[in-house]
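Asks: No letters, just coordinates:
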């Protein structure tokens with residue numbers, strides 16, 4: 001290294017220790033700087049969470065110092081929050097699993113009581129009438145509960161969770177209410193107990209997400225909720241728990257949630273999801289092994305039941321299932337569109353649900369196979385032994401269940417799709433295997449084709465490769481790993497060639513906002529200038545009370561922050577709406593303390609200085625929401641409040657004094673900033689909502705003309721007008737912002753909201 005090279009400047013001996021070795025080279029031992037994740041320092045400004053940590057020579061010394069600190073009671077806030085997180089994830093696995101088990105048990109009791117009353121005890125035409133009547137009443141009760149308590153409980157719930165985790169958390173927050181949880185639970189019991197061929201995996205995912213949302217609001221977990229990235233990780237973990245608690249599949253649940261609900265995946269989510277799903281799977285293993293409810297049994301295939309020369313048959317089955325899955329999705333969309341266009345959803349929901357329940361009960365009464373729990377029928381299809389049912393029974397089951405499932409999925413009741421798809425896929429695979437057995441002899445085991453067919457058909461409908469992993473965990477065998485993966489992959493590829501998967505189709509049908517879906521009238525090669533909104537409202541650096549009130553009352557400006565521009569139109573930064581509201585009331589308070597007779601009614605607002613800035617686990621900066629606090633009289637800062645006559649108010653009643661300008665110059669009056677003609681017109685506008693009846697007094701006008709310096713966030717999300725729409729859409733998907741400012745040569749020329757480029761329903 002040359003002598004005139006770069007040298008490290010030593011600012012302080014506390015931060016840098018320099019020693020000279022035998023060869024004369026300088027070596028610096030820099031103390032490690034550590035970010036204190038999840039720390040909440042009240043009143044702290046900026047990122048000041050740095051601490052020195054003594055150098056530890058070995059892992060043994062590190063462990064020894066940790067145990068010593070724990071023994072001495074020196075538990076850091078990081079350790080405390082780690083314990084909180086582990087407790088939270090454990091509860092997130094146990095509580096949804098317990099609720100799901102109670103729902104499943106209730107469904108079993110309702111179905112058994114209904115069959116006992118109508119079939120066993122009554123029988124005949126009277127039993128037929130009772131069976132139909134109870135089925136129709138239960139299904140009508142299901143849609144009534146959803147209508148009265150929460151319409152967000154209708155359907156699967158996975159499309160809403162996909163929309164929430166793609167960035168529309170606030171828009172679909174009613175989907176996470178306790179009323180939605182109650183409606184989902186009661187409606188699901190009534191719908192399945194009433195005989196509708198729907199599943200409960202999607203509703204279970206929705207239930208787990210609701211529990212995760214409210215569990216994080218408890219006082220002991222509220223500190224974890226402040227981290228936005230961590231909050232989304234908890235929601236993804238909840239989706240994993242919903243499926244894992246339904247089948248006892250922790251790994252498959254994690255992968256399924258990754259594929260079906262996440263726009264992108266944060267790696268730290270994986271261990272959290274595993275911990276939560278593991279506790280849910282343990283609960284499933286304890287209670288679902290009891291005879292209280294049905295469960296999917298492990299298969300008993302021999303090692304020679306599958307031979308490599310049969311791989312071509314499994315590949316062809318995967319192609320068939322891809323076509324069948326795409327046809328299933330197309331039928332669901334067609335039935336939904338037809339029902340919405342001809343009959344309508346709102347006024348005739350009871351007619352639709354009652355009609356489908358009537359047909360389902362009438363077709364199921366005389367055939368015990370149709371009245372069975374679908375898991376019991378699936379176990380029969382998966383059996384490696386001789387099929388107890390005839391080919392005709394399986395064909396009739398497929399012929400009747402397929403249209404009933406297609407119609408039932410779009411009904412205004414809680415309805416899942418996973419178990420019905422498993423049943424249909426296993427029936428198709430079993431028939432396919434039986435045909436091959438007739439042609440090629442006893443070397444073919446039809447039960448293996450039923451297993452692969454169930455996974456492939458479900459993958460063709462949902463477009464999730466993790467269906468194969470779920471099936472491995474359900475069956476407890478890995479003998480059909482290769483054929484299952486091959487068939488599932490081909491089913492997904494073929495299905496994607498025909499169109500979208502079921503969940504994306506339901507998002508479009510229900511007109512839900514979803515980040516990854518770009519508007520169909522736009523192209524990735526377009527630029528930001530072509531889609532931006534030029535009618536953007538901005539705030540000046542020195543803003544009057546009247547201008548600020550016009551901004552916060554403008555309902556057309558549906559943004560949570562406003563751009564702040566200079567006199568030449570150049571972008572300075574942005575200011576949050578809550579901060580403007582706070583500054584308005586602060587200006588009114590300062591004016592009232594000068595002895596004015598104007599009375600200002602103050603409401604609890606937020607202090608912009610109480611906004612805490614934290615670092616999440618992945619190292620990205622997350623600004624949490626402002627902490628509410630009551631507005632109390634205090635002295636306004638000279639930098640924040642400037643009176644119209646040019647005298648800076650220091651908060652003293654009836655007195656004013658000069659102060660230095662922004663550059664820190666001499667004392668004296670601050671000169672009034674120059675205004676454009678447009679700004680002069682805005683100053684002359686009357687207030688939108690006068691404080692007192694009978695017109696605005698001179699003191700009211702003087703109050704509205706007070707000016708204050710707007711606190712500015714110097715790093716708003718801004719893009720150039722030449723950015724391609726494909727890049728901009730990717731940025732919106734990854735960062736999930738509400739809007740982005742558009743600049744041209746540093747000047748603000750427009751704004752792009754999510755609805756301008758993303759399909760928002």
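Replies: Sure, I can see it. As the structure is a computational prediction, the values presented were derived from the model and not from experiment.

Asks: and the gap between residue 442 and residue 587?
Replies: With distances taken as CB to CB, to the nearest Å, residue 442 is found 89 Å from residue 587. For glycine as for every other residue, the C-beta is placed from the backbone atoms N, C-alpha and C.

Asks: What's the local residue count around residue 258?
Replies: 19 (other CB atoms under 10 Å).

Asks: That one contacts residue 466, correct?
Replies: Yes - using CB atoms under 8 Å, residue 258 is in contact with residue 466, at 7.3 Å.

Asks: my guess is residue 519 meets residue 753, correct?
Replies: No - the pair residue 519 / residue 753 is not scored as a contact, 11.9 Å apart, by CB under 8 Å.

Asks: more crowded one of these two?
Replies: A count of neighbours by other CB under 10 Å puts residue 753 above the other of residue 519 and residue 753, at 18 against 15.

Asks: Once you drop chain neighbours, what's closest to the more buried one?
Replies: With sequence-adjacent residues excluded and distances taken as CB to CB, 6 or more residues apart in numbering, residue 753 is closest to residue 739, at 4.7 Å.

Asks: list the contacts for the one you found?
Replies: Residues in contact with residue 739 (CB atoms under 8 Å, 6 or more residues apart in numbering) are 559, 717, 751-754.

Asks: could you measure the closest residue to residue 153 other than its chain neighbours against residue 203, distance?
Replies: Nearest non-adjacent residue to residue 153, counting by CB to CB, 6+ apart: residue 183, 3.7 Å away. Note on residue 183: its distance to residue 203, by CB to CB, is 10 Å.

Asks: The two - which one has more neighbours?
Replies: Per other CB under 10 Å, whichever of residue 183 and residue 203 has more neighbours is residue 203, with 30 against 25.

Asks: Give the buried residues for the helix or strand that one falls within.
Replies: Residue 203 belongs to helix 201-215 when assigned by DSSP states H and E. Buried residues in helix 201-215, counted by 16 or more other CB atoms under 10 Å: 201-213, 215.

Asks: Give me the neighbour count for residue 383.
Replies: Residues near residue 383, counting by other CB under 10 Å, number 19.

Asks: Just confirm residue 141 contacts residue 189, I think it does.
Replies: No - using CB under 8 Å, residue 141 makes no contact with residue 189, being 9.4 Å away.

Asks: Buried residues in the helix or strand following the helix holding residue 203, which are they?
Replies: Using DSSP H and E, the helix or strand that directly follows helix 201-215 along the chain is helix 222-225. Residues of helix 222-225 classed as buried: 223-225 (neighbour count, 16+ other CB under 10 Å).

Asks: What is whichever helix or strand comes after helix 222-225 packed up against?
Replies: Using DSSP H and E, the next helix or strand after helix 222-225 towards the C-terminus is helix 228-247. Packing partners of helix 228-247 (3 or more CB pairs under 8 Å, 6 or more residues apart in numbering; DSSP states H and E): helix 77-115, helix 158-165, helix 201-215, helix 222-225, helix 250-261, helix 269-287, helix 467-475.

Asks: worst average pLDDT in those?
Replies: Sorting the helices and strands packed on helix 228-247 by mean pLDDT places helix 222-225 lowest, at a mean of 83.

Asks: Counting by contacts, list what it packs against.
Replies: Judged by 3+ CB pairs under 8 Å, 6+ apart, the packing partners of helix 222-225 are helix 77-115, helix 228-247.

Asks: ok, back up a step: so which of the helices and strands packed on helix 228-247 gets nearest residue 708?
Replies: In terms of CB to CB, the element of the helices and strands packed on helix 228-247 nearest to residue 708 is helix 222-225, at 32.5 Å.

Asks: And the contacts of the closest one?
Replies: By CB under 8 Å, 6+ apart, helix 222-225 touches 38, 40, 81, 84-85, 88, 216-217, 230-231, 234.
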